[in-house]
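> Below are the sequence and a predicted model; questions follow.
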Amino acid sequence: MSIVNVIRQIRDLLLRKVLYRRYSIAKGFHAGLRVRIWGRQKVVIGRNFYIGRDSFIEADVIIGDNVMFGNRVAIIGRYDHHYQQPGVPMRLAAQIRDPAYKWKGLGMITIIEDDVWIGYGATVMGGIKIGEGSIIGAGSLVTKDVEPYSIYAGVPARKVRSRFDNDVDLQTHLKLVQSKYYGKL
């Protein structure tokens with residue numbers, strides 16, 4: 001094992017056990033440079049998660065196993081600032097980071113299931129669900145739930161196609177990975 005790999009493993013362990021200790025982050029976590037993770041109530045990250053450099057999680061999330069984010073991916077809340085406070089400029093309005101915040105967005109959880117790949121520069125709005133085995137194309141803006149084993153792209157993101165070219169390949173994959181979707185799609 002090279003010294004670079006040892007340093008990377010130590011850095012990832014320190015991020016998991018020190019900087020992000022208030023969150024539940026499983027083994028196999030790797031974060032690129034300048035990554036920020038914050039959730040008001042809950043951040044749960046499964047095994048073998050990779051988050052590329054300059055990426056941000058700024059919402060409550062549950063992320064499954066074997067998920068990867070490209071560089072500059074953002075998971076953001078929908079109601080981070082109380083923009084409907086009469087007489088208060090948005091910049092000075094209550095925000096979700098405030099302990100006394102009592103407006104929209106509380107309790108919204110973004111769910112990213114197992115085996116998902118979110119491409120470079122994609123933005124995922126809070127409160128949506130990205131189904132197992134899906135791919136989000138680079139630069140996409142995800143505003144609605146994503147079907148399992150689908151490829152979504154665009155602004156706003158729309159289904160482009162299924163991940164597998166045929167049902168036989170999908171069913172073989174589901175059986176081999178013992179997916180919760182086996183026999184259900």
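Perfect, thanks for sending it. These numbers were taken from a predicted model, which means no experiment stands behind them.
> Please, where are all the helices along the chain?
3-14, 167-177 (DSSP state H).
> Tabulate those helices (a markdown table), appending mean neighbour count, mean pLDDT and distance to residue 158.
Just so you know, the C-beta spots here come from the backbone N, C-alpha and C atoms, and that holds for glycine as well. A markdown table is the format used below for these (neighbours: other Cβ atoms under 10 Å; pLDDT from 0 to 100; distance: least, Cβ to Cβ, whole Å):
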| stretch | mean neighbour count | mean pLDDT | distance to residue 158 |
| --- | --- | --- | --- |
| helix 3-14 | 11 | 91 | 35 |
| helix 167-177 | 14 | 91 | 20 |
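> pLDDT wise, what is residue 83 at?
Residue 83 is assigned 87 on the pLDDT scale.
> Out of the helices of the chain, flag the one nearest residue 31.
Counting by Cβ to Cβ, residue 31 lies closest to helix 3-14 out of the helices of the chain; the figure is 6.5 Å.
> I'd like to know which elements that closest one is packed against.
When contacts are defined as 3 or more Cβ pairs under 8 Å, 6 or more residues apart in numbering; DSSP states H and E, helix 3-14 sits against strand 30-31.
> Which elements pack onto the strand it packs on?
helix 3-14, strand 50-51.
> Now do that strand: distance to the chain's middle.
The chain centre lies 13 Å from the centre of strand 30-31; the measure is Cα atoms, centre = their mean, to the nearest Å.
> what does that strand contact?
8, 12, 15, 37, 49-51, 55 (Cβ atoms under 8 Å, 6 or more residues apart in numbering).
> Most widely separated two among the residues you listed?
Farthest pair in the contacts of strand 30-31, by Cβ to Cβ: 8 and 37, 17.4 Å.
> residues in contact with residue 41?
Counted by Cβ under 8 Å, 6+ apart, residue 41 has contacts 60, 107.
> Likewise for residue 138?
Residue 138 neighbours (Cβ under 8 Å, 6+ apart): 70, 119-122, 153.
> Let me see the confidence value for the closest residue to residue 32 other than its chain neighbours.
Spatially, and ignoring its direct neighbours in sequence, residue 32 is nearest to residue 53 (3.1 Å; Cβ to Cβ, 6 or more residues apart in numbering). Listed pLDDT for residue 53 reads 97.
> same question, residue 115
Residue 115 is given a pLDDT of 97.
> Does it touch residue 49 like I think?
No. Taking contacts as Cβ atoms under 8 Å, residue 115 lies outside contact range of residue 49: 11.4 Å.
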